[in-house]
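A.B. asks: what's the 3D shape of this:
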Amino acid sequence: MALIYELKMKVRDYECDAQGVVNNANYLHYFEATRHELMEDCGLRLRDLTDDHILPLLRSAKVEYLHSLRGSDEFLSRVRIERRGIRYFFLQDIIRISDNVLCAKGEIEVVCLIDGKVSKPDLFDRVMSDYITWR
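C.D. replies: Okay, the predicted model is just below:
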C-alpha cells in the first residue's frame, strides 16, 4: 500500500477574507506547497528539474470546499498519488487539527513535459515510488 505524505501547516491571517475565513484560492496554495515539500523530501527540486528540461505541469484542479479554516487554525495537508498512464493524480486533503474535520479535498492532475514533449517521467516513478499507486 502506498504511503500518504503529510505536512502540518498553520493559517496566516493575511490568507483570510473579511469574514475571517481562508480565501478559497489559498487551499490551492496549501495543496501546491505540500506537493513541493513531498518532491523535495524525495530529492527532487523544481529548479533542478526545470534546468534539466523536466516540467511538471498542472493539467487540472478540482477542489471541494467542505468546512472553513480560520486564522491561526493548524491543519494537516495530506497527499497520496495515483498514476494513470502518464498522468499523476495528487489526491489531497486538508484536515483541521483541533477537531479532525476534513475542510477541503482536491484532485490535482499533473503531466510532465520532458524536452518539450508530454512524456513518462521515470525519475518521478523511481524517487516517489513509495507514495504512488498505479491504476
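A.B. asks: state which strand of this protein is the longest.
C.D. replies: Assignment by DSSP state E gives strand 101-114 as the longest strand of the chain.
A.B. asks: distance from the chain centre to that strand, please.
C.D. replies: What separates the centre of strand 101-114 from the centre of its chain is 5 Å, taken as CA atoms, centre = their mean, to the nearest Å.
A.B. asks: now do the buried residues in it.
C.D. replies: If you call a residue buried by 16 or more other CB atoms under 10 Å, then strand 101-114 has these buried ones: 103, 104, 105, 106, 108, 109, 110, 111, 112, 114. C-beta coordinates here come from the backbone N, C-alpha and C atoms, glycine included.
A.B. asks: with stretch 64-77 instead?
C.D. replies: Neighbour-count burial for stretch 64-77 [16+ other CB under 10 Å]: 68, 69, 73, 75, 76, 77.
A.B. asks: and residue 86, how many neighbours does it have?
C.D. replies: By other CB atoms under 10 Å, the residues close to residue 86 number 11.
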